[in-house]
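Enquirer: Just need the structure, nothing else, for what follows:
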Amino acid sequence: FIGLYVVCVSFDNANGIPGLIFIGAMMVPFSLMIFMWECNVPRNISIADCVSMFFVGGVLSLVFTLFVFSVIGSAATTENFIGPFFIGLAEELGKAAIVTYYVRKRDCKYILNGLLVGACVGAGFAVFETAGYIFNALLGGADAMYVLFLRALLAVGGHVSWAAMEGAGLVAAKGDKPFDWNMLASGRFIAFLLIAMVLHAVWDMPIEFGSNIYLVQIILSVVAVVIILVLISAGLRQVVRYTKAAQEKAIAQLGELAEKARAEAGDEAAMLFETHQMMAEDMDYEEAIEGLIKEEKLNAEAAVRKTANGARQQFERMNDPYFRERVRDIDDIERRLLKALTGYEHNPAEGLSEPSVIVADDLTPSETVQLPREMVLGFATNGGSTTSHVALLARALAIPAVCGLGDITSRVEPGETVLLDGTNGAVTL
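Expert: Predicted structure coming up:
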């Protein structure tokens, strides 16, 4: 922006004016969009998608708004205290319609997603509208730079924040359920849409008090920022709730595995999963994940991985081989939590059409106890050892297994016949 300003003002070169108008109109709204992207802890919307929603969504919201204005007609005016409500109605409906399209398309379930989607559409709307105001000021002989800087300073509490509220309200109404058009009649969405409309309407009212310093707009900006910060906080709490729900699901699954292991392999095997259950319930573990989400703005999956990595490093530094082997217990708990978070369940025996030997990089105790006995003749893995929990569990379940082979997966092709000697720990190709 400074470079283009120098081109236009210092060198009196009109070729830089279009760029100056666009960059000047864009710098604050686009920066706000990036801020919302940084706050989007789930990290499920890419910056490329944001830019697409910024340009495409911004233009579409303008088109929809102009359509609504064509229906309203001359009632939308800033010359009285009623007209601004029609302006707020038209422009907020225009943005809300496009925000709804993107929320439905992306199946957003996080409040932070809704804030980001709304911010993208609102930023695009704000940029194109501001560029038009600057251009008209330039054509009319008014101070275009004054218009540029004024709208930039007030952009924080304007279209970006209003549309972000609408997006957050819609996702709060939707939750993790499939999108339903009846959600547009939800009290949560309607409440935030009305808040945005009222803020917009008051913004455009011909209020004389403090108008020389734009006092009304400054106050409304503060109100909008406070609402956005509250929504960000609510969004972070929502992510924590989803994480806790996944943790509870993982703990319940470990309890089921303990009972399965007890029935098939005895109490000693069951104790392994009961130990995993206690580790997953550990308050320090839970608080570490929650802290990473709230303080470092990591998504739930990244917070689980980082917490697990920290625990792994503690065990790896121990001299006792028994404790170093417990790293695999951390791996199992981590995978179990990630599966509960993502809903993705991996079965190493999936796709087997006949009884076979599984060759894998490694298996967790959870995966081992869930192997279908009728389809799995045995398994061989790169990782593990004869004293690992997986090896001990396989022995208790009477499943032939050879662990710690290092590179067996690179030496065996799918469908190849192998001879597995679990007693002597050998695999013959």
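
Enquirer: Contacts for stretch 273-293, please.
Expert: 41, 236, 239-240, 243-244, 247, 250-251, 254-255, 257-258, 261, 298-300, 302-304, 306-307, 310-311, 329-330, 332-333, 336-337, 365-366, 369 (Cβ atoms under 8 Å, 6 or more residues apart in numbering). C-beta coordinates here come from the backbone N, C-alpha and C atoms, glycine included.

Enquirer: Those residues in helices, which ones?
Expert: With helices defined by DSSP state H, the entries of these inside them are 236, 239-240, 243-244, 247, 250-251, 254-255, 257-258, 261, 300, 302-304, 306-307, 310-311, 329-330, 332-333, 336-337, 365-366, 369.

Enquirer: Kindly give a single ChimeraX line that selects the buried subset of those.
Expert: Remark: buried members of the ones in helices among the contacts of stretch 273-293, expressed as a ChimeraX selection using 16 or more other Cβ atoms under 10 Å:
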select :236,239,240,243,247,250,251,254,257,258,261,300,302,303,304,307,311,329,330,332,333,336,337,365,366,369
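
Enquirer: how far away is residue 363 from residue 382?
Expert: Separation of residue 363 from residue 382 (Cβ to Cβ, to the nearest Å): 10 Å.

Enquirer: Between the two, point out the one with more neighbours.
Expert: Neighbours per residue (other Cβ atoms under 10 Å) separate residue 363 from residue 382, with residue 363 holding more: 26 against 16.

Enquirer: give me the element the closest residue to the more buried one other than its chain neighbours is part of.
Expert: Excluding the flanking residues, the one nearest residue 363 by Cβ to Cβ, 6 or more residues apart in numbering is residue 390, at 5.4 Å. Residue 390 is part of helix 389-396 when elements are defined by DSSP states H and E.

Enquirer: do residue 43 as well
Expert: Using DSSP H and E, residue 43 sits in no helix or strand.

Enquirer: Just list the residues touching it, thanks.
Expert: 299, 302.

Enquirer: residue boundaries of the strands in the chain?
Expert: Here the chain has its strands, by DSSP state E, at 356-360, 376-381, 401-402, 419-421, 426-428.

Enquirer: thought residue 249 was touching residue 342?
Expert: No - with contact defined as Cβ atoms under 8 Å, residue 249 does not reach residue 342; the gap is 11.5 Å.

Enquirer: the more surrounded of the two?
Expert: Just comparing residue 249 and residue 342: by other Cβ under 10 Å the higher neighbour count belongs to residue 249, 16 against 11.

Enquirer: wait, what's in contact with the more buried one?
Expert: Residue 249 touches residue 340, counting by Cβ under 8 Å, 6+ apart.

Enquirer: Next: residue 28.
Expert: Residue 28 neighbours (Cβ under 8 Å, 6+ apart): 152-153, 155-156.

Enquirer: now it: how far from residue 161?
Expert: Going from residue 28 to residue 161 by Cβ to Cβ gives 12 Å.

Enquirer: pLDDT at residue 313, what is it?
Expert: At residue 313, the model reports a pLDDT of 88.

Enquirer: Next, count neighbours for it.
Expert: Residue 313: 11 neighbours (other Cβ under 10 Å).

Enquirer: Please renumber the chain so that the first residue is 35 from this point on.
Expert: Taking 35 as the first residue, the last one we looked at is residue 347.

Enquirer: From residue 104, how far off is it?
Expert: Counting by Cβ to Cβ, the gap from residue 347 to residue 104 is 63 Å.

Enquirer: repeat for residue 204
Expert: Distance of residue 204 to residue 104, given as Cβ to Cβ: 25 Å.

Enquirer: So for these two, which residue has more residues nearby?
Expert: Between residue 204 and residue 104, counting by other Cβ under 10 Å, residue 204 is the more crowded of the two (28 against 9).

Enquirer: surely the more buried one meets residue 135?
Expert: No - contact criterion Cβ under 8 Å: residue 204 and residue 135 do not qualify, at 10.7 Å.

Enquirer: In terms of pLDDT, where does the residue lying closest to residue 291 once chain neighbours are set aside sit?
Expert: Distances taken as Cβ to Cβ, 6+ apart put residue 307 closest to residue 291, at 4.6 Å, once the chain neighbours are dropped. At residue 307, the model reports a pLDDT of 91.

Enquirer: Residue 307: how many residues sit nearby?
Expert: 26.

Enquirer: That one and residue 402: what is the separation?
Expert: Per Cβ to Cβ, residue 307 is found 11 Å from residue 402.
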